[in-house]
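> Give me a 3D structure for the following:
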Amino acid sequence: MRFARTLLPLLFPVLALACGDDDSTDLDASTGVDSGVEMDAGTDEDAGSETDAGTDEDAGSEMDAGADEDAGSEMDAGMADGGITTGGTLSYGGTTVDLDRMFFGRGVNDGAEVLYFELSRGGDDSCPSETAPVPNQIITVDGFPGRVVGTGTFADGIRANFFDFEGTFLEGFAPAMATDATVEVLAISAEEATVTFDITFDEGTAMGTFVALHCDSLDTE
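Here you go, the predicted structure:
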């Protein structure tokens, strides 16, 4: 049996100095001193408005760009090739947990090529091995026909077993056997396969989509 390991002052003080007589006031008006001050104030005020407007516009652009970038990152997270959302759940006996990962290996059954899959929760992301931590739960899936894009069902020979090493769902190490199963390989290469699964047990289900990584340790050919 193959087991998996198993974030982000310039106030323009325009001082209205009310000193002097009417002649003094006329002199100021004729020299244009007061009007010059008014022009400077207006120029600075306009320049400040334009600067502030530019700053606000730039800041808005930067904020928008940052928001768009963050949104794009969130959308990309958890997506497989072709925009397919990846992840899976195991529901059994009224309790539901998230599955973490999926691996696959290659084998031969009655002279025909088949694929073997392991779904797991807990452990780590490296391929299963004899020294790897055993996951809390493992679902093994045998008998997928061929090494190509396509769908396999229970009627085609797909068989699945659920092992609960943590003891959350089952007592002992005897597995719960699937009563129905559908597995669809959406894409496959030598290193990975995008796989959708829908498995039924007497007291629960397992379903979702993962990018399954190939592990030499799971090959039996």
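> From what I see, Ser217 and Gly105 are in contact.
Yes - the pair formed by Ser217 and Gly105 meets the contact definition of Cβ atoms under 8 Å, at 7.4 Å. Heads up, the C-betas are built off the backbone N, CA and C, glycines and all.
> for this protein, what spans make up the strands?
If DSSP state E is used as the criterion, the strands of the chain fall at 79-80, 84-85, 87-92, 95-99, 101-109, 112-121, 137-145, 150-153, 159-164, 176-177, 180-188, 192-201, 204-214.
> Turn these into TSV, columns for mean pLDDT and mean neighbour count.
TSV is the format used below for the strands of the chain (pLDDT from 0 to 100; neighbours: other Cβ atoms under 10 Å):
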stretch	mean pLDDT	mean neighbour count
strand 79-80	59	14
strand 84-85	86	13
strand 87-92	97	18
strand 95-99	97	14
strand 101-109	94	20
strand 112-121	95	22
strand 137-145	95	24
strand 150-153	96	16
strand 159-164	97	20
strand 176-177	97	15
strand 180-188	97	19
strand 192-201	98	21
strand 204-214	97	19
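> would CSV of those with distance to Leu170 be doable?
What follows is the strands of the chain, written out as CSV (distance: least, Cβ to Cβ, whole Å):
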stretch, distance to Leu170
strand 79-80, 30
strand 84-85, 29
strand 87-92, 8
strand 95-99, 11
strand 101-109, 20
strand 112-121, 13
strand 137-145, 9
strand 150-153, 25
strand 159-164, 4
strand 176-177, 6
strand 180-188, 18
strand 192-201, 10
strand 204-214, 10
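> Compare these and give me the one nearest Cys127.
Distances from Cys127 to each of these were compared using Cβ to Cβ; the shortest belongs to strand 101-109, at 6.3 Å.
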